[in-house]
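Q: Quick one: sequence and predicted model below, then my questions.
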Amino acid sequence: FINSFFLSLNLLFIKKYNFNVHYFDIIDTEEKAYFLGLLYSDGYNDTNRGTTVLSLQEGDNDILTRFNKSIDNTRPLQLIDFSRYKNCENNVNQLRLTLNSRYFSDQLVKLGCISNKSLTLQFPTEEQVPKHLLRHWLRGMWDGDGCITISNVKKNTNKSTVTANIISTLEVCNGIKTFLTNELSTGGHICHPKSAKDNSTRILYLGGNKQSIRMLEWLYRDSTIFLQRKHEKYLNCRDILQNSGWNLNKSNIANQRLIEYNGEIRNISEWAKIFNLGEHVIRNRINVGWDIEKCMTTPSRIKKKKVN
């Protein structure tokens, strides 16, 4: 009787929150793929307690609010005010989303989002994230662990260079590098950060202006969800490059048209090689209003030789 009494008393003071624990049962939308990538990078999945936590800067509240709404979570976001803690006054305040469900936690494990992921995280399989949604997963990873910087190439000049990189485990960096090589012919190089105390952490550097801008153009293309802060920094870097004399149009990077067909995204030149068509043929067909299926699968006309 006493145990039952105290159990009832505890339940009386514990507020029950609900959310859609089946949200990640299948990754079949841009939004789900993005949020899974964000959890890969910035999330914490405590499988022992069945608790999942995602914390972002206070200024990124729109993303956490959207996630909360998408999973029908009745629990409000928690503000972490670092000014209240000793020696943390200069830290940026955070918002925390907490989800308590062992089923939800186990589903994330099946999708590759495991505990202690900083040392053992793997690149997702196609069963976990379908290939046509992998770009959105990568954007979630980028928003959590990606970085874009711009600096002067030479002192006392207005020439600038952009560098994009992402930090993760060796396995994830290798997976991203392979994915980008297949999609954009943009691989980059992987190195071990000097500040890392473990042997698992790596940084994937995408190189200079051409590779970095091309990857980011592709990453944000037709996307409906991303961290506004990261996106604005990318746009700012583009503006600085243009103002410093780097001709984006001439380099055919910013305006290079990417086409999605059959779940793959490639530029016109790459599609032309695959379907044995001229680049001008595909471009002209698109300009006159042909749908993508017809553009790719219709053979070029073979001009008949005149017989004298």
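A: Everything's here; your move.
Q: Can you tell me which helix or strand of the chain has the lowest average pLDDT?
A: None of the helices or strands of the chain scores lower by mean pLDDT, DSSP states H and E than helix 2-13, at a mean of 41.
Q: How are the helices of the stretch 1-150 of the chain distributed by residue range?
A: All helices of the stretch 1-150 of the chain, identified by DSSP state H, counting those that start in this stretch, fall at 2-13, 30-42, 61-70, 102-110, 117-120, 134-145.
Q: buried set for the last one?
A: Within helix 134-145, the residues scored as buried using 16 or more other CB atoms under 10 Å are 134-145. For the C-beta atoms, the positions are set from N, CA and C on the backbone; glycine is no exception.
Q: Could you look up the SS state of the residue nearest to Leu134 when sequence neighbours are not counted?
A: With sequence-adjacent residues excluded and distances taken as CB to CB, 6 or more residues apart in numbering, Leu134 is closest to Phe179, at 6.4 Å. The local conformation at Phe179, judged by DSSP: H, G, I helix; E, B strand; the rest coil, is helix.
Q: just the one 3 residues further on next, same as before
A: In three-state terms, and counting by three-state DSSP, Asn182 is helix.
Q: Pull the number of nearby residues for it.
A: Residues lying near Asn182 (other CB atoms under 10 Å) number 13.
Q: before we move on, what about Phe104?
A: Other residues within reach of Phe104, judged by other CB under 10 Å, total 21.
Q: Kindly provide the distance from it to Gln78.
A: 18 Å (CB to CB, to the nearest Å).
Q: what angle separates the strand ranked longest in the chain from helix 30-42?
A: The longest strand of the chain (DSSP state E) is strand 160-169. Inter-element angle recorded for strand 160-169 and helix 30-42: 80 degrees (by axes from the mean of the first three to the mean of the last three CA atoms, to 10 degrees).
Q: Give me the sheet partners of strand 160-169 and which way each runs.
A: With DSSP bridges as the test, strand 160-169 is paired with strand 146-152 (antiparallel), strand 201-205 (antiparallel).
Q: Spell out which residues sit in contact with the closest residue to Phe19 other than its chain neighbours, please.
A: The shortest distance from Phe19 to any residue other than its chain neighbours is 3.9 Å, reached at Asn73 (CB to CB, 6+ apart). By CB atoms under 8 Å, 6 or more residues apart in numbering, the contact list for Asn73 reads 17-20, 67, 97, 99.
Q: Quick one, which of these are buried?
A: Buried, going by 16+ other CB under 10 Å: 19, 67, 97, 99, out of these.
Q: quick one: which of those is nearest Ala272?
A: Closest approach to Ala272 among the buried ones among the contacts of Asn73 (CB to CB): Phe67, at 39.7 Å.
Q: quick one on the thing from earlier: out of the helices of the stretch 1-150 of the chain, which gets nearest to His280?
A: Among the helices of the stretch 1-150 of the chain, the nearest to His280 by CB to CB is helix 134-145 (27.1 Å).
Q: and the closest residue to Ser101 other than its chain neighbours, how many neighbours?
A: Leaving aside its sequence neighbours, Ser101 sits nearest to Val21 (CB to CB, 6+ apart; 4.6 Å). The local packing of Val21 (other CB under 10 Å) involves 17 other residues.
Q: ok, Val21 to Thr169 distance?
A: Note on Val21: its distance to Thr169, by CB to CB, is 27 Å.
Q: circling back: of the strands paired with strand 160-169, which shows the lowest average pLDDT?
A: The stretch with the lowest mean pLDDT among the strands paired with strand 160-169 is strand 146-152, at a mean of 85.
Q: Please spell out which residues along that one are buried.
A: 146, 148, 150.
Q: check contacts around the second one.
A: Remark: with contacts taken as CB under 8 Å, 6+ apart, Ile148 is in contact with 162-164, 212, 216, 230, 233-234, 237.
Q: Now Tyr234. Nearest residue, chain neighbours left out?
A: Among residues not flanking Tyr234 along the chain, Leu216 sits closest, at 5.0 Å (CB to CB, 6+ apart).
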